[in-house]
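S.K.: The following block contains a protein sequence and its predicted model.
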Amino acid sequence: MRIFMAIVVILLCGAVAGTVMVVREIPRRGNIDNAEYLQSIEIKDYEGIDLSSIVDFWENSIKGPQYVDMDSYRLKVSGLVESPMSYTFDDVTNNHQNYKKVVTLHCVEGWSVTILWEGVLVRDLIQEAGASPNASVVIFHAYDGYTTSLPIEYIIDQDIIVAHKMNGVLLPPERGAPFQLVAESRWGYKWIKWITEIEISDNTDYKGFWEHRGYSNDANINDSFY
């Protein structure tokens, strides 16, 4: 299993769009089912790096935690592809190479977590579907209706993964199960959870949920997010 190490990735949790202040409910620490059990089995350090806990997140998603029916769940790869794909959870996790990354997420609201993520390369799923030479953008869709997009070049060159494990255990629903995007070097509104579809597109002007409300479409953590 290949190991990638990525440190200091920023998770956006703020609420400003353009020149308009978007007032959001103050996020609360995200309670999760079986918290004590998950804490007892999760990895607490990895190759000398102290890891945060699964419970060290705050809830600030647009519609609250989503509980996806895993029996009927399918991850679709659609759009500008030769062969549209529809995967079960097991298809993705068991039939593709898994990778690990340690990534620290810092929220602009003042909290941060360092997590060991494990998942599959988005690149592998795209290549399996056969992306068109005209493809330039990957649009991610979530179970709650949230969307965001990233350049396909970034997805491929940066070995971006969709994670199904954190700290060695399966993502709980409250943390984005079945899959969360680990969008390194991008603000956290690109870290989409509860992914249901990966759409290959040539629409470089596409704007997702927060981008449509004034957030930067590039979302580079070295630049302002709005």
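M.R.: In hand now; what should we look at?

S.K.: hey, let's count contacts and neighbours off CA atoms from now on
M.R.: Fine.

S.K.: What distance do you get for the spatially most central residue of the chain to Tyr154?
M.R.: In the chain, the residue lying closest to the centroid (C-alpha atoms, centre = their mean) is Leu181, at 2.0 Å. Using C-alpha to C-alpha, to the nearest Å, Leu181 is found at 13 Å from Tyr154.

S.K.: Determine the residues that are contacts of both of these two.
M.R.: Common contact partners of Leu181 and Tyr154 (C-alpha atoms under 8 Å, 6 or more residues apart in numbering): Ile160.

S.K.: Could you list the buried residues of stretch 190-209?
M.R.: Across stretch 190-209, burial judged by 16 or more other C-alpha atoms under 10 Å covers 190-202, 206-209.

S.K.: hang on, Ser83 in a strand?
M.R.: No. Looking at Ser83 with DSSP: H, G, I helix; E, B strand; the rest coil, it is coil, so not inside a strand.

S.K.: shouldn't it be in contact with Ser132?
M.R.: No. Using C-alpha atoms under 8 Å, Ser83 is not in contact with Ser132, being 10.2 Å away.

S.K.: quick one on the thing from earlier: now do the contacts for the residue nearest to the centre of the chain.
M.R.: Contacts for Leu181 (C-alpha under 8 Å, 6+ apart) come out as Ile160, Ile161, Val162, Ala163, Lys190, Trp191, Ile192, Lys193, Ile195.

S.K.: Helix or strand for it, just tell me which one.
M.R.: Assigned by DSSP states H and E, Leu181 belongs to strand 180-182.

S.K.: That strand: partners in the sheet, and parallel or antiparallel?
M.R.: Here strand 180-182 has these sheet partners by DSSP bridges: strand 161-166 (antiparallel).

S.K.: which neighbours does the next helix or strand after the strand it pairs with have in its sheet, and in what orientation?
M.R.: Moving toward the C-terminus from strand 161-166, the next helix or strand (DSSP H and E) is strand 169-170. Paired with strand 169-170 in the same sheet, following DSSP bridges, are strand 161-166 (antiparallel).

S.K.: Export only the CA atoms of stretch 138-148, formatted as PDB.
M.R.: In PDB, the C-alpha atoms belonging to stretch 138-148 read as follows (Å, rounded to 0.1, in the frame of the first residue of the first chain):
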ATOM      1  CA  VAL A 138     -14.800  17.300 -12.000                       C
ATOM      2  CA  ILE A 139     -18.100  18.100 -10.400                       C
ATOM      3  CA  PHE A 140     -18.900  16.300  -7.100                       C
ATOM      4  CA  HIS A 141     -22.500  15.800  -6.000                       C
ATOM      5  CA  ALA A 142     -23.600  14.900  -2.500                       C
ATOM      6  CA  TYR A 143     -26.600  13.100  -1.000                       C
ATOM      7  CA  ASP A 144     -27.800  16.400   0.600                       C
ATOM      8  CA  GLY A 145     -27.700  18.300  -2.700                       C
ATOM      9  CA  TYR A 146     -24.400  20.000  -2.000                       C
ATOM     10  CA  THR A 147     -22.000  20.300  -5.000                       C
ATOM     11  CA  THR A 148     -18.600  21.600  -5.700                       C
END
